[in-house]
Structure formats: C-alpha cells, structure tokens
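Asker: Provided below are the primary sequence and the corresponding predicted coordinates.
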Amino acid sequence: MGLAQTISMIISVVAVFGCAEANTIRGQASIIDGDTIEIHGTRIRLHGIDTPESSQWCSDENSTQYRCGRDAAFALDDAIGNRVVSCVGNNTDRYGRIIAVCSVGAVDLNEYLVRAGFAVAYRKYSSDYISAEQEARAAARGLWRGAFEMPWDWRHNQ
C-alpha cells in the first residue's frame, strides 16, 4: 500500500469514527416528559416510541383514572436516576429535537419504556420496538392493564 492510499484510509477511518462520535450525546439528563430528555441544553426525542402526554389520563384495570403521561415521565426518571445517559441519533424532528436511542449502561431506555408498558411503539416512524410492545400488552403491563388513547390520537384530538 502506498503512502497516498494509507493516508486516504486513515482519513476515511477518522471521518467515520468522527461522525459517529459527533452523533453521540452523553451526560446528566433532565426529564422533559416521558419520551423527551435534555442533555447539555440539547433536547432529545426518544426514537421509535411514543408516550402519553403529561396531561393525558388513562384508566387502570379497575377503571380508575390516572395520569399516565406523568407516570411515563416518572418511569423514565427512575430508570435514569443520577447516571450518565448516552444518546445516539442522526436526525431531528420538526421541533428541532435530536431523534435518538438513549441508554444508561447497557439498558436501552426506549425499549425499557415500551417493554414496561409506559410507552408504545411509534410505528409511523419505526418498527424497532413492536415486539417489546407486544410483550407488554400480553403481560398487561403499564398502559396495557387498562384503557388508554394512543398518544398520537390524543394529541390530534386536543
């Protein structure tokens, strides 16, 4: 391999890893709502999931009303605690938020919220979390233990 080829390969490797790193945000997260966090002043929307809005109400297995959007935000806060969150994403939404998969250690927070029943798979944008949603639904976890309006329908009707 000649010098020019070696330099070209090094530049390519640096560009690839540099881009991957540029799309990663790490730090302490503030919870905005069940599917949005903020790290270092950057708003991040969790990819492929949707949670009820903060003011949205659902009903449990006894038809008792509860604030399911608030519960989703609390669940996300509990999952994160004081630990560092790492988010990887490439795109932004219409509000300028980065769309990302976020994790604490080895735990994919997006998947955790769906599997625990605090969020649903946002099929309009991704099929990544459909199996986690099916598991939560079959086990009657979280939202699936009672009745609720899909978050996108609830927003549309407000």
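Answerer: In hand now; what should we look at? Numbering: from 1, shown residues only.
Asker: for the most centrally placed residue in the chain, what are its contacts?
Answerer: Residue closest to the average C-alpha location in the chain (CA atoms, centre = their mean): residue 46, at 2.4 Å. Contacts for residue 46 (CB atoms under 8 Å, 6 or more residues apart in numbering) come out as 35-37, 100-102, 109-110, 113, 119. To be clear about C-beta, it is placed using only N, CA and C from the backbone, and glycine gets the same treatment.
Asker: who's it bridged to?
Answerer: Beta bridges link residue 46 to residue 100, judged by DSSP bridges.
Asker: where's it relative to residue 68, distance?
Answerer: 16 Å (CB to CB, to the nearest Å).
Asker: dump the contacts of residue 46 to a markdown table, plus distance to residue 126 and neighbour count.
Answerer: What follows is the contacts of residue 46, written out as a markdown table (distance: CB to CB, whole Å; neighbours: other CB atoms under 10 Å):
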| residue | distance to residue 126 | neighbour count |
| --- | --- | --- |
| 35 | 12 | 29 |
| 36 | 16 | 19 |
| 37 | 18 | 28 |
| 100 | 12 | 26 |
| 101 | 10 | 19 |
| 102 | 14 | 28 |
| 109 | 15 | 25 |
| 110 | 9 | 26 |
| 113 | 14 | 26 |
| 119 | 12 | 31 |
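Asker: of these, which is the nearest to residue 134?
Answerer: Distance to residue 134 across these (CB to CB) is lowest for residue 119, with 13.3 Å.
Asker: returning to what we had before: pLDDT added to the contacts of residue 46, as TSV?
Answerer: Conversion of those to TSV gives the following (pLDDT from 0 to 100):
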residue	pLDDT
35	98
36	98
37	98
100	98
101	98
102	98
109	98
110	98
113	98
119	98
